[in-house]
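Engineer: based on what follows, work out the 3D shape:
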Amino acid sequence: MSIEQQKKINKARLGSVEEESSPIPTEQPQVTPNQSPGQSQANNATTTQNGKQAKKVRYHLLTAAEATQGNTLEWKFKNLIPSVGVGQVSGQSRAGKTFVLLSLAEALADGAYSWFGFKIPKACPVVYVCLEGEAGFRRRIQALEQFRKEERKPPLPDTLRFVIYEDFAIDKTKDVQDLAAVCPEGALVVIDTQNASAPLVDENSTQGVGAIIQGAKNIAKRIKGFVLLVAHEGLNAQGRPRGSSAQIPAWDTFISVSKSGDNRYWQGLKVKDAEETEKFGFRLRQVGLGHDEDGDPIISCVALPCDSQVEDKPLTNSEQYALDSLKKAIEQNMGKPVDIEAWRPVFYAGHHADNDAKKRTAFSRARQNLISRKAIFVNNNVYSVNTTIDADNTDF
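Structural biologist: Next up, the predicted model:
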């Protein structure tokens, strides 16, 4: 073999070795137009104290001190409804849910000192979305205004707003966005009812209820406020809402409204950051709204606190007659409460006693019994009936 041939063989072997030992080329970062490779890398990295690049992290591990920095828990109703979150009010049909919620909304928009003893730190805008029984709901607003007038209070504040006769679906993203867009920041939003806001959703399905809960959370997040859904109670549910059991664990506040005989109550069965509340009694006070085209009285109600409840024991015949005579006197007074001088002649007119002295005794005894049993109420010598009657006969 010649010297030239040997050189060619060695050169070929050397080239093969260099090719095998050369490093694998690294993948170059993608560079968009007008961006340098260094800028691309910086987007996925942060600079440490020693100048080295460290990749950005998605989750951050906080110390106890870091985790507890910032504002403390704030409330709309202290120890009942927080400033931000989602909740639910559930109750039997005709238990008085809407009346209680209108009372709650009025107190919050007014900036009252408290509501049923729960402190209101500051006034707050309220948006009440009524999705069923709209005609009766409008009467309830009128009754609230009329009652304030009788109590010499100013009209309802403009910070209490209503959505009526408009469609809304809480499981539809566009509807959620559009409602949130018109709600003031920090508002309390009441959606009455949950079922009417999701007519095509299966409330017995965890997935369906999940869509309702997520819609409420999305509104609360957008407005930095609280969303309260009104739900119907299930059959034999003992205060729990109709449908999936996934509902109550998801709420920051859950309130039950109940009715037993003539007794009405509400109770905070779950307050995430406070204790379960005691049971609070309330009554529905009739408010006259004039007469309809047939001359019949138009009557609605407002919810008022009631310290002691009506006994379930039936009224005696004398007590029932006295109660009926008071109702008749109120009807003759256009549905408004009456004083004793307006009630007395109506009682006397139909009583079976043969002289005024006996009628006077019977009237006094029956009147006192009705008061002690909380079947009627007297305020500044003006009498009203503790009744659940609402003239439009719509669901409470």
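
Engineer: output the lowest mean pLDDT helix or strand found in this structure.
Structural biologist: The helix or strand of the chain with the lowest confidence, counting by mean pLDDT, DSSP states H and E, is helix 37-42 at a mean of 43.

Engineer: beyond the host helix or strand of residue 102, next helix or strand please.
Structural biologist: If you go by DSSP states H and E, residue 102 is part of helix 97-110. Taking DSSP H and E as the definition, the helix or strand that follows helix 97-110 towards the C-terminus is strand 114-115.

Engineer: roughly how far is that following strand from the heart of the chain?
Structural biologist: Relative to its parent chain, strand 114-115 has a centroid offset of 16 Å by CA atoms, centre = their mean, to the nearest Å.

Engineer: what pairs with it, parallel or antiparallel?
Structural biologist: Using DSSP bridges, the neighbouring strands of strand 114-115 in the sheet come out as strand 118-119 (antiparallel).

Engineer: the strand it pairs with: what's the following helix or strand?
Structural biologist: Per DSSP H and E, strand 118-119 leads on to strand 126-130 as the next helix or strand towards the C-terminus.

Engineer: could you dump that next one to PDB, C-alpha only?
Structural biologist: Included here for strand 126-130 are C-alpha records, laid out as PDB according to Å, rounded to 0.1, in the frame of the first residue of the first chain:
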ATOM      1  CA  VAL A 126     -79.200  45.500  46.200                       C
ATOM      2  CA  VAL A 127     -80.400  44.100  42.900                       C
ATOM      3  CA  TYR A 128     -83.500  41.900  43.200                       C
ATOM      4  CA  VAL A 129     -84.100  39.700  40.200                       C
ATOM      5  CA  CYS A 130     -87.800  38.400  40.200                       C
END
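
Engineer: outside of that strand, which residues touch it?
Structural biologist: Contacts of strand 126-130 from elsewhere in the structure, counted by CB atoms under 8 Å, 6 or more residues apart in numbering, are 101-102, 105, 108-109, 137, 159-164, 168, 179, 182-184, 187-192, 197. In short, each C-beta sits where N, CA and C put it, glycine included.

Engineer: could you check the angle helix 97-110 makes with that strand?
Structural biologist: 160 degrees (axes from the mean of the first three to the mean of the last three CA atoms, to 10 degrees).

Engineer: beyond strand 126-130, next helix or strand please.
Structural biologist: From strand 126-130 onward toward the C-terminus, using DSSP H and E, the following helix or strand is helix 134-150.

Engineer: elements contacting that following helix?
Structural biologist: Counting contacts by 3 or more CB pairs under 8 Å, 6 or more residues apart in numbering; DSSP states H and E, helix 134-150 packs against helix 97-110, strand 160-164, strand 279-291, strand 297-305.

Engineer: quick check: buried residues in the last one?
Structural biologist: In this case it means strand 297-305. By 16 or more other CB atoms under 10 Å, the buried positions in strand 297-305 come out as 297-303.

Engineer: before we move on, what about stretch 252-265?
Structural biologist: Of all the residues in stretch 252-265, those buried under the rule 16+ other CB under 10 Å are 252-259, 262-265.

Engineer: let's see which of the residues you listed end up in strands.
Structural biologist: Of the buried residues of stretch 252-265, the ones assigned to strands by DSSP state E are 253-259, 263-265.

Engineer: in a markdown table: the residues you listed, plus distance to residue 373 and pLDDT.
Structural biologist: As requested, those are exported to a markdown table (distance: CB to CB, whole Å; pLDDT from 0 to 100):
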| residue | distance to residue 373 | pLDDT |
| --- | --- | --- |
| 253 | 34 | 97 |
| 254 | 32 | 97 |
| 255 | 28 | 96 |
| 256 | 26 | 95 |
| 257 | 23 | 94 |
| 258 | 20 | 90 |
| 259 | 17 | 87 |
| 263 | 12 | 81 |
| 264 | 15 | 89 |
| 265 | 18 | 92 |
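
Engineer: mind picking the two most distant members of those?
Structural biologist: Pairwise distances across those peak at 23.0 Å for 253 and 263 (criterion: CB to CB).

Engineer: contact partners for the residue nearest the centre of the chain?
Structural biologist: To find the centre residue of the chain, average its C-alpha atoms and take the closest one (CA atoms, centre = their mean): that gives residue 228, at 2.4 Å. With contacts defined as CB under 8 Å, 6+ apart, residue 228 is in contact with 81, 86-89, 101, 188-191, 253.

Engineer: distance to residue 64 and secondary structure for the residues you listed - can I get that in TSV?
Structural biologist: Supplementary listing: these in TSV, determined by distance: CB to CB, whole Å; DSSP: H, G, I helix; E, B strand; the rest coil:
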residue	distance to residue 64	secondary structure
81	28	strand
86	28	strand
87	29	strand
88	33	strand
89	36	strand
101	39	helix
188	32	strand
189	34	strand
190	37	strand
191	38	strand
253	27	strand
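
Engineer: give me the buried subset of the residues you listed.
Structural biologist: Using 16+ other CB under 10 Å, the buried ones in the contacts of residue 228 are 81, 86-89, 101, 188-191, 253.
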